[in-house]
Structures are given as structure tokens and as C-alpha cells.
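Student: Mind folding the following:
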Amino acid sequence: MTAIIHRANERGHANHGWLNAKHSFSFGHWYNPDKIHFGALRVLNDDEVAPAMGFGKHPHDNMEIITLVQTGALEHKDSMGNGSIMKPNDVQVMSAGTGVFHSEVNPLKDEGVTLFQIWVIPDKFNVQPRYEQKTFDPALRKNQWQQIIKPDTQHHGDALFIHQQAWFSLADVDSGKNLNYQSQLNGNGAYVFIIDGDVTVNGEKLARRDAIGITNYNSFDITAHSDSRILVMDVPMLTLN
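Tutor: Below is the predicted model of the structure:
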């Protein structure tokens, strides 16, 4: 088992006034040659968008884009004709494929929205663009893993699919509890992101917004030292040219 630690205070930071963003991997004007990606995981942005502000219409292609709202609300519109408002416990997937335009705006006039936007490099290119959104019951992740993302080759379970051999799982772990994570696919790595709380993973103490990337493993244990929320992104360990 090998591991790399990414501390919260080592992330890139861009404050545009209307958008306060933290970047786990190189993005926009922030570039760190040691933090380009973790396997197929290319972007993990921790965004706060001011009231009534947002990302205007812009294009994407050949990327699997996953959005998780943490607080507030986010309005999505795209060139496929989809429109929705996301709230906490909602998960959104957009397979950009051959190309899609979308906008993401905070519809609230008096409250900011916080969200994670995650990009995964697909294993199929130039697919028909698609969009899907689902609300997940938080009770089903209490001291257990709730799978929210799975590969498109798996047609069972409640998770949304993406075009990659990747699995995302959330857990809300009570202080003092232990949780074991099992590898989903031989050769995949696990990027463990601590949304909230204080935990020990593989002997390493991690706090809010810290992360650990684990490779060459079958399973690992997580111990929560306070009430914690954890996101595991289980992805193929691609190399980028």
C-alpha cells in the first residue's frame, strides 16, 4: 500500500469575489506539476458562489462532470434542454462527450452556495452528451458507504453512472466509529477526501478538506475522531501524456 497526503491548506486558491474556489488539482491559473491529477480524477474544486451569481454559459467536451451541492442551491441549464435546481444530497452527472454548453447559477438572493465540482477523464470519447440528477437519502450513509457513482457497465444499484471504471461513495461516520473500505477494481486507486471532521486513514491523521490518495491496496480502515463526512473516489490510475 502506498499513499500521498494532500493537505487542505496546500490547495490552489482563487478568489474572484463572486467565486471563492479551492483547487485540489491544477486548474485555471493555478498550476502545480505535482498535482495535475490522481489517476482518472482530474479536477476536485471546492467552490463557494455568492448570492445571485454563477458560471455563465460555457462549453465542455469529453469529460465526466459530477457536482455535489453542500449548502444552498445551484440552478443548472444546458444545451440539451435540461434545467434543474440542485440542493444538498443531490448528485448531478453530466457526460460532456461530443460537446455541451451549460450554466450554473446560484438562484438565491441572500445565501451563498457551496459545492464540489469533480471531473473524471472518461474511458469512452465522443459519446452522446447526457445529464442525470438524483437525490440520495442521507440516512443510508450513516456509518456505512453510500455509492453515488458507478461505471456505465454496471446496471444494478441506485448510483448514477459515468463513462469510466470509477466508483464514488459517501459516508457520515459518528465519532469513535470505524469504517472499512474495499477496493472496487484491482489496480484502481482511492482518493479519500474529508469533507468534514477529523479521521485517521491508514495511520494518517486527516482534518476537514484534507485528502489521501491510496494505491496498491485491497482495503483500508477509517477511524472517525469527530462526526465526519467522507468521500471516496475509486478511479483507474491513468497516466496523462
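Student: C-alpha only now, for contacts and for neighbours.
Tutor: Will do.
Student: wait, what's in contact with Met233?
Tutor: Met233 makes contact with 41, 166-169, 190-192 under the criterion CA atoms under 8 Å, 6 or more residues apart in numbering.
Student: ok, of these, which one's closest to Leu240?
Tutor: The closest of the contacts of Met233 to Leu240 turns out to be Leu41 (CA to CA; 10.9 Å).
Student: in this protein, which helix or strand is least confident?
Tutor: strand 54-60 (a mean of 86; mean pLDDT, DSSP states H and E).
Student: Sheet-wise, list the partners of that strand with their directions.
Tutor: When sheet partners are counted by DSSP bridges, strand 54-60 sits next to strand 100-105 (antiparallel).
Student: which residues touch the strand it pairs with?
Tutor: With CA under 8 Å, 6+ apart, strand 100-105 has contacts from 52-61, 74-80, 129.
Student: Name the next helix or strand downstream of it, please.
Tutor: Once the chain leaves strand 100-105, the next helix or strand it forms, by DSSP states H and E, is strand 113-120.
Student: Might you calculate how far that next one sits from the centre of the chain?
Tutor: 6 Å (CA atoms, centre = their mean, to the nearest Å).
Student: which helices and strands sit right next to it?
Tutor: Contact here means 3 or more CA pairs under 8 Å, 6 or more residues apart in numbering; DSSP states H and E; on that basis strand 113-120 packs against strand 41-49, strand 64-71.
Student: so the helix or strand just after the shortest one versus strand 64-71, what angle?
Tutor: Under the assignment DSSP H and E, the closest C-terminal helix or strand after strand 64-71 is strand 74-78. On the basis of axes from the mean of the first three to the mean of the last three CA atoms, to 10 degrees, strand 74-78 is oriented at 150 degrees to strand 64-71.
Student: Strand 74-78 pairs with which strands, parallel or anti?
Tutor: Sheet pairing here is set by DSSP bridges, and for strand 74-78 it gives strand 83-86 (antiparallel), strand 100-105 (antiparallel).
Student: quick one on the thing from earlier: just the buried residues of the least confident helix or strand of the chain, please?
Tutor: 54, 60 (16 or more other CA atoms under 10 Å).
Student: contacts for it?
Tutor: With CA under 8 Å, 6+ apart, strand 54-60 has contacts from 18-19, 78, 96, 99-106.
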